[in-house]
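In: Based on what follows, work out the 3D shape:
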Amino acid sequence: MTRKKVKLAFITNDSARKATYKKRKKGLLKKVSELSTLCGVDACAIVYSPYESEPEVWPGPVGVQLVISRFKRMPEMEQSKKMVNQEGFIKHRIAKANEQLRKQCKENREKEMTEVMYQCLTGRGIQDLMMADLHDLGWLVDQNVKKIEKRIEFLKKMAPPQQAKPPTTPPGEPSMPVDGIPRTGWFNQWMNNPGQNKGSGSGNEMTMKFHENHNFMWSSAFFP
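Out: Alright, predicted model coming up:
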């Protein structure tokens with residue numbers, strides 16, 4: 001079961017305030033002891049209260065004197081370097097909250113202008129935008145363009161170098177055309193249309209035109 005959050009305010013009831021003091025003092029001294037043991041640091045605690053005639057110290061009078069003497073030997077600038085009073089602590093918290101608020105407002109404004117930019121891409125006009133909105137929208141567009149340009153440059157650097165394409169003509173296949181028909185398809189065309197490629201020879205002989213106006217005789221002995 002989780003503890004109920006206690007409101008940090010002065011306890012008006014005397015008995016309740018005294019009981020709370022004893023319980024919280026015990027917890028405080030325990031935490032100081034744990035800090036000194038776990039982290040190996042010199043620490044001490046001095047607690048004054050209206051319920052006791054003498055202040056309670058930890059770890060003891062000698063230990064407290066050693067820590068205080070060591071602290072006093074430090075330069076004054078070092079002594080007050082990390083000291084804060086109630087006013088200084090509150091000012092620091094206010095400044096931190098204001099910085100967080102400024103960052104959140106900037107993030108919300110960027111999201112708002114991003115939505116306007118996407119709406120403009122779908123056909124929305126910008127006539128109803130104020131000058132501040134136009135300024136912020138232009139800044140956002142410039143930022144997106146810069147990101148796109150950086151991405152393009154990155155992809156160009158990562159792309160592998162282009163290699164020369166290998167020749168499409170198979171090894172050993174002649175590449176010069178015959179009667180305007182490439183060598184790669186000339187023989188297939190002749191075989192599919194034998195009637196259009198009859199030679200001038202007699203009998204079963206066929207004459208096919210060869211390169212440089214030479215005639216080559218294909219005997220019927222090879223084509224039974």
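In: how much space between the residue nearest the centre of the chain and L137?
Out: Residue closest to the mean C-alpha point of the chain, counted by Cα atoms, centre = their mean, is K147 at 12.4 Å. K147 sits at a distance of 16 Å from L137 (criterion: Cβ to Cβ, to the nearest Å). Bear in mind the C-beta positions are built from the backbone N, C-alpha and C, glycine included.
In: give me the element V57 is part of.
Out: Using DSSP states H and E, V57 maps to strand 56-58.
In: residues making contact with that strand?
Out: For strand 56-58, contacts defined as Cβ atoms under 8 Å, 6 or more residues apart in numbering pick out 25, 29, 32-33, 44-47, 49, 63-64.
In: buried stuff in the helix or strand just after it?
Out: Counting by DSSP H and E, the element after strand 56-58 in chain order, helix or strand, is helix 61-72. Using 16 or more other Cβ atoms under 10 Å as the test for burial, helix 61-72 gives 63-64, 67.
In: Any idea how far helix 61-72 is from the middle of the chain?
Out: 50 Å (Cα atoms, centre = their mean, to the nearest Å).
In: Could you break this protein into its assigned domains?
Out: 14-83, 91-158 (the TED database).
In: Measure how far the shortest one is from the centre of its chain, please.
Out: Going back to what we said before, that points to domain 91-158. Mean-position distance between domain 91-158 and its chain equals 17 Å (Cα atoms, centre = their mean).
In: Straight-line length of it, end to end?
Out: The first and last residues of domain 91-158 sit 51 Å apart, counting by Cα to Cα, to the nearest Å.
In: same question, stretch 5-12
Out: 18 Å.
In: I'd like the mean pLDDT over it, please.
Out: On average, the pLDDT along stretch 5-12 is 82.
In: packing partners for the longest helix along the chain?
Out: Longest helix of the chain, by residue count under DSSP state H: helix 86-121. Judged by 3 or more Cβ pairs under 8 Å, 6 or more residues apart in numbering; DSSP states H and E, helix 86-121 is in contact with helix 131-158.
In: tell me the angle of the helix it packs on relative to helix 86-121?
Out: On the basis of axes from the mean of the first three to the mean of the last three Cα atoms, to 10 degrees, helix 131-158 is oriented at 80 degrees to helix 86-121.
In: Buried residues in helix 131-158, which are they?
Out: 136-137, 140.
In: low pLDDT regions in this protein?
Out: The model of the chain has pLDDT under 70 over residues 1-3, 163-224.
In: Please repeat the previous calculation with a cut-off of 50.
Out: Low-confidence segments of the chain (pLDDT under 50): 178, 181, 184, 198-224.
In: mind listing what E115 touches?
Out: Contacts of E115 by Cβ under 8 Å, 6+ apart: none found.
In: thinking T114 is in contact with L137, fair?
Out: No. If you go by Cβ atoms under 8 Å, T114 and L137 don't touch, sitting 9.4 Å apart.
In: these two touch, right, L35 and V41?
Out: Yes. Look at L35 against V41 with Cβ under 8 Å: they come within range, at 6.7 Å.
In: Look at those two and report which has more neighbours.
Out: More crowded of L35 and V41, by other Cβ atoms under 10 Å: L35, with 12 against 9.
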